[in-house]
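A.B. asks: next one to model:
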Amino acid sequence: MPDQHLTVLVVDDDPAVRAVATRGLVLAGYDVLQAHDGVHALELLQETDHPPIKLVVVDVVMPGLRGDDLGRLLHHTHPSLPVLYMSGFSAPVLDFLSEREFARRWLIKPFKLEELTAKVHSLLGESHRLVGA
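C.D. replies: The predicted model follows:
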């Protein structure tokens, strides 16, 4: 079970995917915020009326600000914030991540909830060890 108040942001333009991912993460003990696109995700990241977001789960293919572009932006503006990328399409080129990092941060849709929660738990555990949060 994760530590109390670990907030995950799920970003996907498909409401059904957001709902499934959110339900799985809530059942695993996480607090979850949802965004329907990259711009909404950025707005939530700037708000302060909720606990700090500790990880972003983002769909790569979305209208407007794509998930891979959001990830690139967050890599520069929030370098300690882990991002888990997901897609039902081919893997994007994320040239700011090593191959090893990409493998740890990539989830193919459709996914099993156990796969999602295991990756989230692993990335959150490592980010807490790195920043001492």
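A.B. asks: now the worst-scoring helix or strand of the chain on mean pLDDT - C-alpha only, PDB.
C.D. replies: Across the helices and strands of the chain, mean pLDDT, DSSP states H and E gives its lowest value to helix 99-104, namely a mean of 73. Taking Å, rounded to 0.1, in the frame of the first residue of the first chain, the C-alpha atoms of helix 99-104 are listed here in PDB:
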ATOM      1  CA  GLU A  99      16.300   3.200 -23.400                       C
ATOM      2  CA  ARG A 100      16.200   1.800 -19.900                       C
ATOM      3  CA  GLU A 101      14.200   4.700 -18.600                       C
ATOM      4  CA  PHE A 102      11.800   4.500 -21.500                       C
ATOM      5  CA  ALA A 103      11.200   0.800 -20.800                       C
ATOM      6  CA  ARG A 104      10.300   1.600 -17.200                       C
END
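A.B. asks: so how far is it off the chain centroid?
C.D. replies: Helix 99-104 has its C-alpha centroid displaced from the chain centroid by 15 Å (CA atoms, centre = their mean, to the nearest Å).
A.B. asks: count of neighbours near V10?
C.D. replies: Other residues within reach of V10, judged by other CB atoms under 10 Å, total 27. From N, CA and C alone the C-beta is placed, and that goes for glycine too.
A.B. asks: which helix or strand contains the residue nearest the centre of the chain?
C.D. replies: Computing the C-alpha centroid of the chain and ranking residues by CA atoms, centre = their mean puts V57 first, at 1.7 Å. Under the criterion of DSSP states H and E, V57 resides in strand 53-59.
A.B. asks: and the contacts of that strand?
C.D. replies: The contact list for strand 53-59 (CB atoms under 8 Å, 6 or more residues apart in numbering) reads 6-14, 17, 21, 25, 33, 38, 41, 44-45, 67, 70-71, 74, 81-87, 107, 109, 116, 120, 123-124, 127, 133.
A.B. asks: ok, it: who's next to it in the sheet?
C.D. replies: When pairing is defined by DSSP bridges, strand 53-59 lines up against strand 7-11 (parallel), strand 83-87 (parallel).
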